[in-house]
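**Student:** sequence first, predicted model second:
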Amino acid sequence: MLSAFRAALTTPDLRKKILFTLGIVAVYRLGANVPSPGVSSPNIRQCLELIENSGSANIYSLLNLFSGGALLQLSLFALGIMPYITASIIVNLLGVVIPRFEQLRKEGQSGQAKLTQYTRYLAMAFAVLQATTFVALARSGQLFGNCPHQVIPDGSVFNLVVIVIVMTAGTALVMWFGEMVTERGVGNGMSLLIFCSIAARIPAEGSSILQTQGGVVFTVVCIFALAIIVAVCFVEQAQRRIPVQYAKRMVGRRMYGGTSTYLPLKVNQAGVIPVIFGSSLLYLPQLMSQLVGDGTGWLNRFIDDYIVPQSSWVHILLFFALIIFFTYFYVSITFNPDERADEMKKFGGFVPGIRPGRPTAEYLSFVLSRITLPGSIYLGIVAVLPNFFLSITEEGANQNFPFGGTAVLIMVSVGLDTMKQVESQLMQRNYEGFLR
C-alpha cells in the first residue's frame, strides 16, 4: 500500500489532484472554525463546556457531527453540506412522484444538469430555513440546552439577518467546494467533506471518553470500533451477482453480443440513507417536547424517559424498526426491476433460465427482496450497537459515539470509494495499486 501511495504522489496529474483535494479540505476545516460575525466565541465555549460536564444528550448531535462541530460553534460553515444532502434526497424521491423529474433523469447529461440546478435552488432554500432556525434557537439558548450565557449578545434584527446571510453563503461555498473536488480532485466532493467533518470529531470524542471513562473503557472502545469497521468493510463490498447473457446479433457485417456479464446487487443497496432518516425522526419527538411541552404531561414524560435516552429499549427498538422500514422504502423507489428488465430486453440481454420481460422483472424483485432483509438488519445492528455499548455507565449512555451508526458507515463507504478511484487511475498507468 505504501508503494501505491508513493506511485500516486510521483504521478504528476494524480499528485495535482490529491494536493488540490487536500487544499480544499484545509480551507473547509478552516472555515468550520471561524465564528460568524456577531457571535460570542467565549460564551459558546462556556456553553459547550456546560454540555460536556452535564453529559446531557443534544438533539442536534447528528447535525453537529456532520458539520465537524461547526454547528454548535455557529461558524461560517455551521450548516455544512446537510442542506444539499437533504435537497438531493428530496429531489431523488420526487423523481418517483413527479413525471417531469423522471423524464429529466432519463435524458442523460443534460437532464442531470437540470436536476442538479433544481437541487442547488432547493438547498439554498433549506439553508436559509435552517440558518434562521438555528440562529433563533441560539438566541433563546435552546440550541445549547438553555445555557445562561448569551452566545449572540446583539439581538437586533440587522445582526441576526447578517448571521443568517453569512451561514447561507457558507453553505453555497461548501457546495462549490464539493463540486470542485468532484471535477478536479479525487473522489466525490460532497462525500469527502462529510468524511472530513466526521473524522475531525473523532479525536475530541476519543479524548472525552478517555477522560471520563478511563483507559480500560477507551481501549475496549478502540477494539470495538476496529471490529465494526472490519465488519462494515466486509458487508459494504458484498453483492449478489445475477448472470446476464447477451444474444448475438448481426449489424451490417459485424457480429455484436454473445457476451456474458452480471448485474451486481449490493447487500446494502440503500447505503446510509435509512440511518439518517431514522435518526432524524427520533429527534422530532424531543424537539416537539422542548418547543410545545412543559414537561409535566404524560406524553412529555414518556418522551423524556423512553424516547430521548439512547440506552432505552424503546429508543433502540424504534430506531431498529425505522431503519428496516426506510431500507425497504428507499430500495423500492431507487431500484425499479421493471425498468432494468426492459433495458436488458432492449439490448438483447436475458438471465439464463428466465424469460425476458415480465418474468425477469419478477425474478429481480424476488432476489432484491431476499437480499434487502439482511442488508436492513445489518444497518440496524451497526446503528444500535453503540447504544448497547455506551449503556455500560450512566454517563456514557449520553455521549456522542463517533465509531458507530451513521459515522462509521459514511467513513468506510467514502474511504472505499476514494481508494477505488485512485486505484483505477493507478491501474491505467500500469501500477500495481492498493490491492495485490
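**Tutor:** Nice, I can see it. Residues are numbered from 1 along each chain as shown.

**Student:** Lys17: how many residues sit nearby?
**Tutor:** 20 (other CB atoms under 10 Å). C-betas here are computed from N, CA, C, even on glycine.

**Student:** does it lie in a helix or a strand, and which?
**Tutor:** helix 12-32 (DSSP states H and E).

**Student:** what helices or strands is that helix leaning on?
**Tutor:** helix 2-10, helix 157-184, helix 189-213, helix 406-428 (3 or more CB pairs under 8 Å, 6 or more residues apart in numbering; DSSP states H and E).

**Student:** which one of the ones you listed lies closest to Ala225?
**Tutor:** In terms of CB to CB, the element of the helices and strands packed on helix 12-32 nearest to Ala225 is helix 406-428, at 7.4 Å.

**Student:** avg pLDDT for that closest one?
**Tutor:** Averaging pLDDT along helix 406-428 yields 79.

**Student:** where in the stretch 201-350 of the chain is pLDDT low?
**Tutor:** 249-258, 286-311 (pLDDT under 70).

**Student:** at which residues are the strands of it located?
**Tutor:** Ranges of strands within the stretch 201-350 of the chain are 239-246, 249-251, 254-256, 260-266, 349-350, based on DSSP state E, counting those that start in this stretch.

**Student:** for those strands, give me CSV that also has distance to Gly31.
**Tutor:** Output for these, formatted as CSV (distance: least, CB to CB, whole Å):
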stretch, distance to Gly31
strand 239-246, 38
strand 249-251, 55
strand 254-256, 52
strand 260-266, 34
strand 349-350, 48
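
**Student:** figure out which of these is closest to Thr372.
**Tutor:** Comparing these by CB to CB, strand 260-266 comes nearest, at 9.2 Å.

**Student:** quick one: the closest one to strand 239-246, angle?
**Tutor:** Regarding strand 260-266 and strand 239-246, their directions subtend 150 degrees when assessed with axes from the mean of the first three to the mean of the last three CA atoms, to 10 degrees.

**Student:** can I get the helices and strands packed on helix 12-32 in JSON lines including distance to Ala138 and mean neighbour count?
**Tutor:** Formatted as JSON lines, the helices and strands packed on helix 12-32 follow (distance: least, CB to CB, whole Å; neighbours: other CB atoms under 10 Å):
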{"stretch": "helix 2-10", "distance to Ala138": "42", "mean neighbour count": "13"}
{"stretch": "helix 157-184", "distance to Ala138": "9", "mean neighbour count": "18"}
{"stretch": "helix 189-213", "distance to Ala138": "20", "mean neighbour count": "19"}
{"stretch": "helix 406-428", "distance to Ala138": "24", "mean neighbour count": "18"}
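
**Student:** which of the ones you listed sits closest to Pro285?
**Tutor:** Of all the helices and strands packed on helix 12-32, it is helix 406-428 that lies closest to Pro285, at 18.8 Å by CB to CB.

**Student:** just how off-centre is that closest one within its chain?
**Tutor:** Centre-to-centre, helix 406-428 and its host chain are 14 Å apart (CA atoms, centre = their mean, to the nearest Å).

**Student:** with stretch 184-203 instead?
**Tutor:** 10 Å.

**Student:** quick revisit: and the angle for the helix holding Lys17 with helix 189-213?
**Tutor:** 50 degrees.

**Student:** which parts of helix 12-32 are buried?
**Tutor:** Going by neighbour count (16 or more other CB atoms under 10 Å), the buried part of helix 12-32 is 14, 17-18, 20-21, 24-25, 28-29, 31-32.

**Student:** compute the inter-axis angle for the helix or strand following it and helix 189-213.
**Tutor:** Using DSSP H and E, the next helix or strand after helix 12-32 towards the C-terminus is helix 41-54. Here helix 41-54 runs at 60 degrees with respect to helix 189-213, directions being taken by the same axes, to 10 degrees.

**Student:** and the helices in the stretch 251-400 of the chain?
**Tutor:** 273-292, 298-302, 313-334, 337-346, 358-390 (DSSP state H, counting those that start in this stretch).

**Student:** of those helices, which approaches Arg100 most closely?
**Tutor:** Per CB to CB, nearest to Arg100 of the helices of the stretch 251-400 of the chain: helix 313-334, 16.5 Å.

**Student:** give the buried residues for the closest one.
**Tutor:** Under 16+ other CB under 10 Å, the buried positions of helix 313-334 are 315-316, 318-320, 322-324, 326-328, 330-332.

**Student:** dump that helix to PDB, restricted to CA.
**Tutor:** The C-alpha trace of helix 313-334 is given here as PDB (Å, rounded to 0.1, in the frame of the first residue of the first chain):
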ATOM      1  CA  TRP A 313     -35.100  -0.300  24.900                       C
ATOM      2  CA  VAL A 314     -38.000   1.800  23.400                       C
ATOM      3  CA  HIS A 315     -35.400   4.000  21.700                       C
ATOM      4  CA  ILE A 316     -33.400   1.100  20.400                       C
ATOM      5  CA  LEU A 317     -36.400  -0.900  19.100                       C
ATOM      6  CA  LEU A 318     -37.900   2.200  17.400                       C
ATOM      7  CA  PHE A 319     -34.600   3.000  15.800                       C
ATOM      8  CA  PHE A 320     -34.100  -0.500  14.600                       C
ATOM      9  CA  ALA A 321     -37.700  -0.700  13.200                       C
ATOM     10  CA  LEU A 322     -37.400   2.700  11.400                       C
ATOM     11  CA  ILE A 323     -34.100   1.600   9.700                       C
ATOM     12  CA  ILE A 324     -35.700  -1.600   8.400                       C
ATOM     13  CA  PHE A 325     -38.700   0.300   7.100                       C
ATOM     14  CA  PHE A 326     -36.700   3.000   5.400                       C
ATOM     15  CA  THR A 327     -34.300   0.500   3.900                       C
ATOM     16  CA  TYR A 328     -37.200  -1.300   2.100                       C
ATOM     17  CA  PHE A 329     -38.800   2.000   1.200                       C
ATOM     18  CA  TYR A 330     -35.700   3.600  -0.300                       C
ATOM     19  CA  VAL A 331     -34.700   0.500  -2.200                       C
ATOM     20  CA  SER A 332     -38.200   0.200  -3.700                       C
ATOM     21  CA  ILE A 333     -38.000   3.800  -5.100                       C
ATOM     22  CA  THR A 334     -34.400   3.800  -6.300                       C
END
